[in-house]
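S.K.: Below: sequence and its predicted model.
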Amino acid sequence: MLLIEALGSALLGLALAGAAVRVLGPRLPSSRVVLVSAVAGALFGAYLTHTALGPGHNNLFATFIGGALVSAVVVSLLLRPPGRTARPSVRTPFSVPTRG
């Protein structure tokens with residue numbers, strides 16, 4: 001049962017990463033980083049959920065939901081702010097005062 005949980009969570013992480021790269025591609029780093037992070041997050045989330053439920057509960061659906069949620073959180077941490085197309089900064093650059 002544990003193997004099914006791990007493989008299913010890894011596949012959910014891959015699916016979530018693929019969807020994130022497709023929809024939010026310009027705001028994410030390299031697609032390889034996103035794929036690895038999402039799968040690692042899903043596996044950790046599945047492990048965490050399995051451990052939190054305890055040894056007597058074999059709830060496959062809850063484990064998949066926990067893995068998907070942690071994977072989504074990890075991918076959301078990789079997001080960069082959208083590019084700014086507004087006016088450039090009008091602040092003057094830093095300068096060191098001279099004594100002259």
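M.R.: On my side now, so go ahead. Numbering: from 1, shown residues only.

S.K.: Spatially central residue in this structure, please.
M.R.: Per CA atoms, centre = their mean, the C-alpha nearest to the average position across the chain is that of residue 75, at 1.4 Å.

S.K.: That residue: helix or strand, and which one exactly?
M.R.: Here residue 75 sits within helix 60-77, counting by DSSP states H and E.

S.K.: And for the closest residue to residue 80 other than its chain neighbours, the neighbour number?
M.R.: Nearest in space to residue 80, with sequence neighbours left out and distances taken as CB to CB, 6 or more residues apart in numbering, is residue 27 at 5.1 Å. All C-beta spots, glycine's among them, are computed from the backbone N, C-alpha and C. Neighbours of residue 27 under the rule other CB atoms under 10 Å: 13.

S.K.: where in the protein is pLDDT low?
M.R.: 84-93, 95-97, 100 (pLDDT under 70).

S.K.: and with 50 instead?
M.R.: Where the chain drops to pLDDT under 50, the residues are 85-86.

S.K.: Mind jotting down where the helices sit in this protein?
M.R.: Secondary structure of the chain (DSSP state H): helices located at 2-24, 31-53, 60-77.

S.K.: wait, what's in contact with the closest residue to residue 41 other than its chain neighbours?
M.R.: Leaving aside its chain neighbours, residue 41 sits nearest to residue 74 (3.3 Å; criterion: CB to CB, 6+ apart). Residues counted as contacts of residue 74 (CB atoms under 8 Å, 6 or more residues apart in numbering) are 37, 38, 40, 41.
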